[in-house]
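Engineer: I'd like to go over a predicted model; first the sequence, then the structure.
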Amino acid sequence: DTAVSQTPKYLVTQMGNDKSIKCEQNLGHDTMYWYKQDSKKFLKIMFSYNNKELIINETVPNRFSPKSPDKAHLNLHINSLELGDSAVYFCASSPYRDSYNEQFFGPGTRLTVL
Amino acid sequence: RKEVEQDPGPFNVPEGATVAFNCTYSNSASQSFFWYRQDCRKEPKLLMSVYSSGNEDGRFTAQLNRASQYISLLIRDSKLSDSATYLCVVNANYGGATNKLIFGTGTLLAVQP
C-alpha cells in the first residue's frame, strides 16, 4: 500500500527535451508538494497545491509547470530541459496547508539531463 | 545567513555512543520544528516533531530554544541502523494560512561497528 507514489523512478534524457513526472497519494490529504533535491542534497520546495489550487509557487523557471487534476494527483511537466535540472524530484503530501503536520514523501524521481 | 543551518558532518561514532546534532534557524516567527531522517538514496521521513518543552521518543530527544533559535537532537545508544542524514526542518509563513517547510542541508551520521 504505497502512500505517495511517483513515476518514473529514473529519467535520463537529452537537453532540450520535454518530460513529465507523475505523483499520486492515497492518504486522502488535501495538500501536495514538489521538492527539488540537488547534488548538494539541499531539499527545496518548488510548488504546492491545496485541493487543486496552486498555493506555493517559488522562484522556479517557467519551464516547470505543475498540474493537479484532482487532490490525489500532482504532476510536473518540464520543458526544454537543461543540464542544471538534473536532480532528484520528490513529491510529498500533508493533511493541510499549514505545515504543522508531517509531510509524507514519495520515493523520488532521479532526473539526469545529458 | 541561511534560513536553517546545520553542521554537515559526517559524524563518525561507534555503536553505543551518544551523539548530538545542532541546528539554528533565522526566522523568529517559525512555529513548527521537526527532525526528518533521510537514508541514502531514499526519501525523507519524519523522525520526530520538536515541542517547546522538549520531547523524547525512545533513544531520541529533541530540544528547542526559541530565544536562541536553536534546535537539537540527541541520540543515545547509537545503532548501526541510525546511520543516515538528519534534516532539521522549520516552517515559514508563505502567506495567509499557507506555510512551507524549510529544510537544512542535513547532518550525516555514520555509526561504526
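Structural biologist: Looks like it arrived, so ask away.

Engineer: From here on, just use CA atoms for contacts and neighbour counts.
Structural biologist: Noted.

Engineer: I figured residue A:46 hits residue A:61, correct?
Structural biologist: No. Applying Cα atoms under 8 Å as the test, residue A:46 and residue A:61 come out as separate, 10.0 Å apart.

Engineer: neighbour-wise, which of those two wins?
Structural biologist: Ranked by neighbour count (other Cα atoms under 10 Å in any protein chain shown), residue A:46 and residue A:61 place residue A:46 first, with 19 against 10.

Engineer: what's the helix-or-strand element of chain A with minimal mean pLDDT in contact with?
Structural biologist: Taking mean pLDDT, DSSP states H and E as the measure, chain A has strand A:53-57 as its least confident helix or strand, at a mean of 92. Outside strand A:53-57, the residues that touch it by Cα atoms under 8 Å, 6 or more residues apart in numbering or on different chains are A:46-49, A:68, B:94, B:98.

Engineer: do that again at 6 Å, thanks
Structural biologist: With contact meaning Cα atoms under 6 Å, 6 or more residues apart in numbering or on different chains, strand A:53-57 is reached by A:47-49.

Engineer: So which bits of it are buried?
Structural biologist: Buried residues in strand A:53-57, counted by 16 or more other Cα atoms under 10 Å in any protein chain shown: A:54-56.

Engineer: who wins for neighbours among the contacts of strand A:53-57?
Structural biologist: Counting neighbours by other Cα under 10 Å, the top entry in these is residue A:48, with 27 neighbours.

Engineer: Just the element for that residue, please.
Structural biologist: Element membership of residue A:48, judged by DSSP states H and E, is strand A:43-50.

Engineer: Strand partners (parallel or antiparallel) of that strand?
Structural biologist: strand A:31-37 (antiparallel), strand A:53-57 (antiparallel) (DSSP bridges).

Engineer: how far is it from where the chain is centred?
Structural biologist: Taking Cα atoms, centre = their mean, to the nearest Å, the mean C-alpha location of strand A:43-50 is offset from the chain mean by 7 Å.

Engineer: Give the rounded mean pLDDT of it.
Structural biologist: When pLDDT is averaged over strand A:43-50, the result is 94.

Engineer: Now that strand - C-alpha only, PDB.
Structural biologist: The C-alpha trace of strand A:43-50 is given here as PDB (Å, rounded to 0.1, in the frame of the first residue of the first chain):
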ATOM      1  CA  LEU A  43      15.900  20.000  -0.500                       C
ATOM      2  CA  LYS A  44      13.900  23.000  -1.600                       C
ATOM      3  CA  ILE A  45      10.200  23.400  -2.200                       C
ATOM      4  CA  MET A  46       9.100  24.300  -5.700                       C
ATOM      5  CA  PHE A  47       5.300  24.200  -5.700                       C
ATOM      6  CA  SER A  48       2.300  23.300  -3.600                       C
ATOM      7  CA  TYR A  49      -1.300  22.600  -4.400                       C
ATOM      8  CA  ASN A  50      -4.200  22.500  -1.900                       C
END
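
Engineer: what residues does chain B put near chain A?
Structural biologist: Contacts of chain B with chain A, taken as Cα under 6 Å from any Cα of the partner chain, map to B:32, B:43, B:98-100, B:105.
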